[in-house]
Each structure stands twice: as C-alpha cells, then as structure tokens.
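1. I'd like to go over a predicted model; first the sequence, then the structure.
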Amino acid sequence: MNEPVLQLHDVTKTYRHGLVDVAALRGVDLEVDAGTLTAVMGPSGSGKSTLLHLAAGMVRSTSGLVRVAGMDLDGRSPADLAALRRTTVGVVFQQYNLVPSLTALENVTLALELEGGSPRDLRETGRAALAKVGVDEPYDRFPDDLSGGQQQRVAIARAVAIPRRLILADEPTGALDTLTGDRILDLLRTLADDGAAVVIVTHERAVAAASQRVIYLKDGLIENAYMDPATLHADVH
C-alpha cells in the first residue's frame, strides 16, 4: 500500500498571545491519500488555516508528527521546507501573497526560476497555467491592476503551474463569482484525478459536496469526518 501524501499524527499547535497560550490544534490525526480531494470545514478559529500552514511547512507543530511525501517536517531547515513548497507542495493562500512589483506572469514563474529551465519554457509554462485558471491576457499586468478574483486566479496558477503531489488551498473560490469558482473547483478535482492529494479549506457547502471527504474541525479537534459529503449535518457551514 502506498504511503499517504500527507500525514498528521497527534499534532498540536499552540500560539502564545502575550501571557496566554492559545491552542489552535489539539491532537489532530489525519491522512490524505494521492488522488483524493478533501474539504476542511469548521467555524472561524477552529484551526483550519493552521492545519494547512503546518502541512505546508510554514509553521512548526508544537508536538506530533507532520509528514509530507515521506518527509518528516519537524527539524527540517527553512531551505528544505522552501524547496518542498517549490517542487512538491502547491499552496493557495487566502490573502493571495502575490509580489506587487511583479507581473501576473512573473508571479507564476518566480518559484519555477529557482529550479532552472530556459526563460522561454518558463514563460510558456506560466502562460499555460494562467490560461487554465481563466486569467485573460495581457499577462504583464501587476497585482494592483487586477481585481480580487483575478489575483486569486493568479495565486492558483502559481500553485498548479507544475505537477505537485500535494495541493493546499485556503478558500480558493471565496473571492470568485460562481462560474469562475466552478471552473477552479473543476481544475482542483482534475488535479486530484491525475494523482495529486488536494486539501481545500472552505466555508462553501458546494465545494464540500464536490469533495470525496469532508473533515469538520471544531476547537482544534476533528469533530467529524464525512466520507460521503451528502451526509453533512445541517449545522456544518
């Protein structure tokens, strides 16, 4: 049996705010296989974004095991974790995290440049990714010249420009109209069908209904895991 792409075992994450410790995750166990799309739901403050940031190696767990594509993230250097995000893990941030001084195309190709390749090939890869998510030319526009929905699509293009084993998306359809959101969701499902493990944090029931599994977080714990999204309780939102 193949090892899950993402594994969390008894993971906790505590943040310190002044003199107070706040537990974002409290003993989470989760495995995500290749070729699956998993939605993570729950109220604000339940630990959803923290879970994604741990899986991306952007924050470190307080305790427990986080493993991505067979790599234990605990103790890895920042350079190792950055390389993991360039080659193996694609991250779609809720706040986009685009570089304002770079064009849409340059934002998509920036991380690819660090892995080498000819400038022409990189541009072609970036243009194909932008077209795939529905960003219209010209691609030399800067983030401030784009709408929020267009910026979100550029952020998604950056995450999926090259094949990734794990795609982590924080509210990827939240800033999009229904038609564009459906297009992005179809793209993420296609990536899962092609073998990636895709994890989406969402508040949208339509996104959850299109997933193969729904994880419901509450107070830093997995309260329920629905293998059939149709069985979601009415209080999940």
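-> Good, I have the coordinates.
2. now Leu187: how far from Thr173?
-> In this view, Leu187 and Thr173 are 11 Å apart by C-beta to C-beta, to the nearest Å. Quick note: C-beta positions are derived from backbone N, CA and C, even for glycine.
3. Of the two, which one has the most company?
-> Thr173 (25 against 20; other C-beta atoms under 10 Å).
4. Quick check: nearest residue in space to that one, chain neighbours excluded?
-> Among residues not flanking Thr173 along the chain, Gly181 sits closest, at 3.6 Å (C-beta to C-beta, 6 or more residues apart in numbering).
5. State the distance from that neighbour to Ala197.
-> 21 Å.
6. now swap in Ala155 and tell me
-> 19 Å.
7. ditto for Leu130
-> For Leu130 relative to Ala197 (C-beta to C-beta), the value is 24 Å.
8. likewise Gly134?
-> 24 Å.
9. between the two, who's got more neighbours?
-> For Gly134 versus Ala197, neighbours defined as other C-beta under 10 Å are more numerous around Ala197 (26 against 17).
10. isn't that one right up against Ala169?
-> No. Under the criterion of C-beta atoms under 8 Å, Ala197 makes no contact with Ala169, lying 11.7 Å away.
11. Contacts for the lowest-mean-pLDDT helix or strand in the chain, please.
-> Least confident helix or strand, the chain: strand 221-226 with a mean of 81, by mean pLDDT, DSSP states H and E. Strand 221-226 is contacted by residues 25-30, 42, 47, 213-217, 232-233 when judged by C-beta atoms under 8 Å, 6 or more residues apart in numbering.
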